[in-house]
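>>> Show me the folded form of this:
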Amino acid sequence: MTPFDDITLEGELVRLEPLTLSHVDAMVVAASSDRSTFGLTSVPNGDRSSVEQYINAALKQHERGEGLAFATIRRTDDTLVGSTRFMSAEYWHLIDESPRSTPIAVEVGYTWLVSAAQRTGINAEAKVLMFDYAFDSLGVERVSLKTDARNERSRSNIERAGATFDGVLRRHMPASDGGFRDSAMYSLLREEWLTRRETQRKS
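The predicted structure is shown next:
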């Protein structure tokens, strides 16, 4: 049983709806757009097989209770412009507490947007929606984020979202452009979000 309900998160600019195989055609179009701005981000290739594999892997993560992937929909024209997800859910608990049925920490990742949707406020609003849901509904204590240490644009976006830089994990995972990747690690704690979210909503 997964603790992640198939919820839809909606703001003024963006709707985050659970990613399913019904989104294959729209994601093929999005992933086939100008890929130069994807940089060091993991994005499926712009073909049906690659997108189906990407979505099926996300669905399996959901079945295991590890997270929930979203299709990022631009509300002005109901177009899929990317994807993001909750992932790497952690279920540890304090020594004097009972085991948790919901995660105590979760990561926000696999975030990408087509070039036309970048710097439009969609990503910032999506982060607010996800952080609110993670802290208020899931009741987590920490949201983690990470990116390729070389990806300055992604790092700036994460920092603007209010997360704190925790350090770099060297040779942490495969890089999207081949070889090894150093990962810049960030986190946001419950009490930090409670004090920062009004600022983020207005940004």
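>>> pLDDT at T2, what is it?
Per-residue pLDDT puts T2 at 69.
>>> Ok, T8 next?
For T8, the predicted pLDDT is 97.
>>> residue boundaries of the helices in the protein?
Ranges of helices within the chain are 24-31, 48-63, 122-132, 152-160, 190-202, based on DSSP state H.
>>> Near L145, how many other residues are there?
Using other Cβ atoms under 10 Å, L145 is surrounded by 23 other residues. All C-beta atoms are positioned from the backbone trio N, CA, C, and that covers glycine.
>>> Quick check, I55 in contact with M27.
Yes - under the criterion of Cβ atoms under 8 Å, I55 makes contact with M27 at 7.3 Å.
>>> okay, the two: which has more neighbours?
M27 (24 against 21).
>>> Skip the chain neighbours and tell me the closest residue to that one.
Nearest residue to M27, sequence neighbours excluded (Cβ to Cβ, 6 or more residues apart in numbering): V51, at 4.8 Å.
>>> and what of G162?
Nearest residue to G162, sequence neighbours excluded (Cβ to Cβ, 6+ apart): R196, at 4.4 Å.
>>> The residue of the chain most remote from its centre and M27, how far apart?
Ranked by distance from the centre of the chain (Cα atoms, centre = their mean), the top residue is D96, with 31.4 Å. Counting by Cβ to Cβ, to the nearest Å, the gap from D96 to M27 is 45 Å.
>>> I figured the residue nearest to G162 was touching A163, is that so?
No - R196 is not in contact with A163 according to Cβ under 8 Å; the separation is 9.6 Å.
>>> ok, these two, which is more surrounded?
A163 (25 against 16).
>>> which residues does the more buried one contact?
For A163, the contacting residues are 143, 145, 186-188, by Cβ atoms under 8 Å, 6 or more residues apart in numbering.
>>> Bridge partners for S183, pull those for me.
D148, L169 (DSSP bridges).
>>> so how far is L40 from it?
Taking Cβ to Cβ as the measure, S183 falls 11 Å from L40.
>>> which residues are common contacts for those two?
147-148.
>>> Where does pLDDT dip in this structure?
1-2, 200-203 (pLDDT under 70).
>>> switch to 90 and redo it
Where the chain drops to pLDDT under 90, the residues are 1-3, 34-42, 94, 96-102, 153, 176-178, 194-203.
>>> quick revisit: scan the contacts of A163 and report the most crowded one.
Of the contacts of A163, with other Cβ under 10 Å as the count, V143 tops at 26 neighbours.
>>> List the residues that contact it.
Taking Cβ under 8 Å, 6+ apart, we find V143 in contact with 105-108, 130-131, 134-135, 163, 187-188, 193.
>>> Going by distance to S88, which of those wins?
E107 (4.1 Å; Cβ to Cβ).
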